[in-house]
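Asks: What follows is a predicted structure for the sequence shown.
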Amino acid sequence: MAGRKKLDIDGLVYSTNPDFTFDTEDTDDGLTPLPAKQDLRISLDRMKGNKMVTRIWNFRGREEDLEALGRRLKQFCGCGGSVKEMEILLQGDFREKIKAELTRLGYRYKQAGG
């Protein structure tokens, strides 16, 4: 099914309204929401070799904007990392620094996990 869009009907199964029409028009205009409209999640994960990784996910928007945010956070923390599968991975425990920088940039976030 590559190239086909899945029709998201939000749980609608049947309507008894004879005038009902389901709007299939795509409302996403391809733009990234403002930082205040984002709701990011931050967690600390343990990877192979007992290495700690700060993970930021739940970003909505274009992948280019996520990569720019990831680059900015890596530079701010002075660490390595990557951006893949709509997640930012930073090598090390930088949760507190990330929270301060995201607040300064205007992003909303929640800490997930322990």
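Replies: Alright, I've got the coordinates. Residues are numbered from 1 along each chain as shown.
Asks: tell me the secondary structure for residue 61?
Replies: Secondary structure, DSSP: H, G, I helix; E, B strand; the rest coil: residue 61 is coil.
Asks: Please list all residues in contact with it.
Replies: Residues near residue 61 by Cβ atoms under 8 Å, 6 or more residues apart in numbering: 31-33, 38. C-beta: built from backbone N, CA, C; applies to glycine.
Asks: Of those - the most surrounded one?
Replies: The most crowded member of these, judged by other Cβ atoms under 10 Å, is residue 38 (19 neighbours).
Asks: Do you know the pLDDT at it?
Replies: Note on residue 38: pLDDT of 91.
Asks: try residue 114
Replies: pLDDT, residue 114: 60.
Asks: just residue 27 next, same as before
Replies: 48.
Asks: With residue 12 instead?
Replies: On the pLDDT scale, residue 12 is placed at 62.
Asks: for the one 3 residues further on, same thing?
Replies: In this prediction, residue 15 carries a pLDDT score of 69.
Asks: If we ignore the residues flanking it in sequence, what's nearest the residue nearest the centre of the chain?
Replies: With distances taken as Cα atoms, centre = their mean, the chain has residue 59 as the residue nearest its mean C-alpha position (1.7 Å). Nearest non-adjacent residue to residue 59, counting by Cβ to Cβ, 6 or more residues apart in numbering: residue 66, 5.0 Å away.
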